[in-house]
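Chemist: have a look at this fold, sequence not included:
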């Protein structure tokens, strides 16, 4: 397989975008990525989207978006793994280029979530759970992550305050990101006193519902010199599945798909957690970030709460996590999220992150998760 | 890239399967494919499904099906390109193995379409069209293909009788296929007198709504000797997109995505239309088969109607098309259809097709189509 690199990134501000359609927000971000790379022609594209059918009454979006981007008849493939769809689209684009099939491939993600009611959006999101045993029994995602949080608190003594610190940190980071949906600093007190969703999770423990898109351009690493931006090499990829139903797992306090996908990526890249300079993780809920920082080996099991409380995962800490603001502050347009994570890491490794720049960042990581951990996709990227 | 081959196939009878769920019908077919290959462990899987969200209120099916198949935590990726989702899953599995990423990969497809009302299914299918300009304006797929049929009849003199001959031929083939949904011979008179759906298309010009799944096992060609079944080599693949909205096309009488995907596959395999011994094409409507046989070069433009009327595409004809019964008789569980096509070709090339066996079949082709031609995926397979 050939080595691959990212040479273009594009993303508009995420949020409630009522004046533009799914195809418009995707094309805007894709054109930014192509402009960033200095290209006007793609050879193939992959689009991650969780449920354009339920959120926007439109399937077949691979072809639709290739056409609206002016790139038909190129092969365009939509991939889906719930909220990990974007990370998976990036993985497929890397595999495509690595295989030698194509040289210039776009990996994008998009979700248009606010054109339906909140109840309909909650239903659409619940289809990432096992609908037979979870969704149709009335469990929504805050409820599923609340069960994991309760188990984690019980087993490891993780506290309500530590959960809140994840949100506080990510909003602090997001306040430095012009593309974040909620670039607003918040306090632990605000999180703890915000309205309860599913005990112990409050509304400020939850990532929002978001419209957004993101795109990156992937090429063979040895072609990087032909483009205007510095290349960022993709040195590790991992993808693992798990039961999507929580009740089938041995242990609610460990996200095994993240652990396994992380191990695959570390092995491929020849890296350990100590080598990672920054990591974007899937903080759909505050407890998720705590569990994923443990699964990826940035601290021991049960150490995620104390780590965030001690500032180890803050900007300037030992391992900055979610410098972009994460899903919590930047927003969570589910299919786009994984690609947005790659963009943050690429910009950090290029040294283009302004006020939230991680000093001397050389190796970055992304972890994108489907459902309550039914799938995880992990990538390691490095400066060339 | 490494050469790849199919060494296992599995498919149950398609139809209205009210007593089993999406996950059950998928697992049954996947286990048949694994048994056929003589394996009990996969390294990765790809699943084509158009809209499990709208048809069955369940997304995240890559992970769900990997788990129910007993294969989690392997990477499992759902891909979608409307009714071409199955063919695209097969293409991704081939790319995965060709890249060297994995050695034993399952490509499957599934759709559970009859658990919702006919109106809801018609809506779900219409999301393969451009919903902004077609679906929400009231055009359904019979209407879209009817417009193509009218244009084809006007330009080339294709007749109502020739359209009917496609259905007559495919039902004759399907009557020899125990897994077909409607294994019933029909006459041209029955087609012509059946109830009108969208002029000039009648109900017997339309493929049915179907529950079904299909799976094949893909491995490196040089590993074929390790398995119990004869390997069938995948020598060509093509994937092309087009505007999914009909009104944006220059010519309604040519399906460009099929033509372009076919050209890619012919070039990769070093073959011409004259080398193909049999072809499974996407006959979602009778006019579609006529147009695709032209696009793939089995006859000249406008020659598709006369070709079927002359028996050239029948069993025993110059180029047998849809020996399985096609979508028309075998059924059209949209995400599974493309994988079902591969199964028919593999079994023909193995000489396992019983009464509908094409004599001395050495080279077979599949063409799977999304929407009204917004995407096409073509493969060429050969005996080893």
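Modeler: Structure received. Just so it is clear, the structure is predicted and the values come from calculations on it, not from any experiment.
Chemist: need phi/psi at the closest residue in space to residue A:132 that isn't next to it in sequence.
Modeler: Closest residue to residue A:132 apart from its sequence neighbours, by CB to CB, 6 or more residues apart in numbering or on different chains: residue B:21 at 7.2 Å. (C-beta placed from N, C-alpha, C; glycine too.) Reported as degrees, to the nearest 10, the phi and psi values for residue B:21 are phi -90, psi 170.
Chemist: residue B:21 and residue B:112 touch, don't they?
Modeler: Yes. The criterion here is CB atoms under 8 Å, and residue B:21 meets it with residue B:112 at 6.9 Å.
Chemist: the more surrounded of these two?
Modeler: Neighbour count, other CB atoms under 10 Å in any protein chain shown: between residue B:21 and residue B:112, residue B:112 has more, with 26 against 16.
Chemist: ok, the residue nearest to the more buried one when sequence neighbours are not counted - contacts?
Modeler: With CB to CB, 6+ apart as the criterion, residue B:112 has its nearest non-adjacent residue at 4.0 Å, and that residue is residue B:22. Taking CB atoms under 8 Å, 6 or more residues apart in numbering or on different chains, we find residue B:22 in contact with B:52, B:56, B:58, B:61, B:110-112.
Chemist: domain map for chain A?
Modeler: A:4-117+A:210-232, A:129-208+A:235-383 (automatic domain parsing).
Chemist: for the ones you listed, give me JSON lines that also has distance to residue B:176 and mean pLDDT.
Modeler: Below are those laid out as JSON lines (distance: least, CB to CB, whole Å; pLDDT from 0 to 100):
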{"stretch": "domain A:4-117+A:210-232", "distance to residue B:176": "33", "mean pLDDT": "98"}
{"stretch": "domain A:129-208+A:235-383", "distance to residue B:176": "37", "mean pLDDT": "98"}
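Chemist: tell me the most buried of those domains?
Modeler: Highest mean neighbour count of the domains of chain A: domain A:4-117+A:210-232, a mean of 24 (counted as mean count of other CB atoms under 10 Å in any protein chain shown).
Chemist: run the chain-centre distance for it.
Modeler: 14 Å (CA atoms, centre = their mean, to the nearest Å).
Chemist: again, but for stretch A:335-345
Modeler: Worked out by CA atoms, centre = their mean, stretch A:335-345 lies 5 Å from the chain centre.
Chemist: separation between the nearest residue to residue A:160 once chain neighbours are set aside and residue A:142?
Modeler: Of all residues not flanking residue A:160 in the chain, residue A:200 sits nearest, at 5.8 Å (CB to CB, 6+ apart). Distance of residue A:200 to residue A:142, given as CB to CB, to the nearest Å: 11 Å.
Chemist: try residue A:165
Modeler: With distances taken as CB to CB, residue A:165 is found 19 Å from residue A:142.
Chemist: same question for residue A:207.
Modeler: Residue A:207 is 10 Å from residue A:142, by CB to CB.
Chemist: same deal with residue A:19?
Modeler: Counting by CB to CB, the gap from residue A:19 to residue A:142 is 29 Å.
Chemist: can you check residue A:309 too?
Modeler: 22 Å.
Chemist: in the stretch 201-350 of chain A, which spans are strands?
Modeler: Secondary structure of the stretch 201-350 of chain A (DSSP state E, counting those that start in this stretch): strands at A:201-202, A:211-220, A:232-241, A:278-280.
Chemist: would you turn the ones you listed into a markdown table with distance to residue A:130?
Modeler: A markdown table is the format used below for the strands of the stretch 201-350 of chain A (distance: least, CB to CB, whole Å):
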| stretch | distance to residue A:130 |
| --- | --- |
| strand A:201-202 | 20 |
| strand A:211-220 | 27 |
| strand A:232-241 | 13 |
| strand A:278-280 | 27 |
